[in-house]
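# Predicted model, plus sequence, below.
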Amino acid sequence: MNSRIPIPRDPDDDYTAAMAARRRDFATARSGTSLAHTGSFSIEPAQLAGNIENFIGAAQVPIGLAGPLRVNGEHARGGTHGLGGLRAHGAPSRVAPSRMRRQRSG
C-alpha cells in the first residue's frame, strides 16, 4: 500500500486561486495547522507559472521605512528613503538612532 498522497494538481490550469485553496485545504488536513492568512494575497496566480510549484498563497513580511539614506551612485545621488525588511539574508536588521544596518549573525 502506498501511503504517499500526491499534492493536488490540475494539469490543465494549476495556477488559479481555486487550486491554491485546494492545496491549502490539503496541507491543513495533514498538518492540523490553519493557513487562513496565506489565502489573502494580491498576486495573480497565473503570473507565477514557471516561478513556483504548488502555489498555496503568500505570507506577509513586515516592512519598514529607513532614511534618509545617502546615495552616491552612478544614476542616483543625494538623500532618499528606502524600504527595510525585518530580516535581510537571514540576519535581523535593527534601527539605531542615526542609521539602519544589518546585524552580523553568530
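Received the coordinates, thanks.
# can you map out the helices along this structure?
For the chain, helices defined by DSSP state H occupy the ranges 17-31.
# Outline the domain layout of it.
Here the chain is described, according to automatic domain parsing, as comprising the domains 1-60, 63-102.
# residues touching the closest residue to Leu65 other than its chain neighbours, list them.
Sequence neighbours aside, His81 is the residue nearest to Leu65 in space, at 5.7 Å (criterion: C-beta to C-beta, 6 or more residues apart in numbering). Heads up, the C-betas are built off the backbone N, CA and C, glycines and all. Going by C-beta atoms under 8 Å, 6 or more residues apart in numbering, His81 touches 65-69.
# so how far is Ala27 from Gln47?
Distance, Gln47 to Ala27, by C-beta to C-beta, to the nearest Å: 22 Å.
# Likewise for Gly79?
For Gly79, the distance to Ala27 - C-beta to C-beta - is 45 Å.
# Tell me where the model's unsure across the chain.
1-2, 85-106 (pLDDT under 70).
# Kindly recompute the last result at 80.
1-3, 61-63, 66-69, 76, 80-106 (pLDDT under 80).
# Please enumerate the strands of it.
63-72, 77-85, 87-88, 91-96, 99-102 (DSSP state E).
# Not counting residues beside it along the chain, what's closest to Arg70?
Per C-beta to C-beta, 6+ apart, closest to Arg70 is Gly79, 6.1 Å.
# Please work out how many residues are found near the residue nearest to Gly84 when sequence neighbours are not counted.
In space, and not counting its chain neighbours, Gly84 is closest to Ala66: 4.3 Å by C-beta to C-beta, 6+ apart. Ala66 has 15 neighbouring residues, counting by other C-beta atoms under 10 Å.
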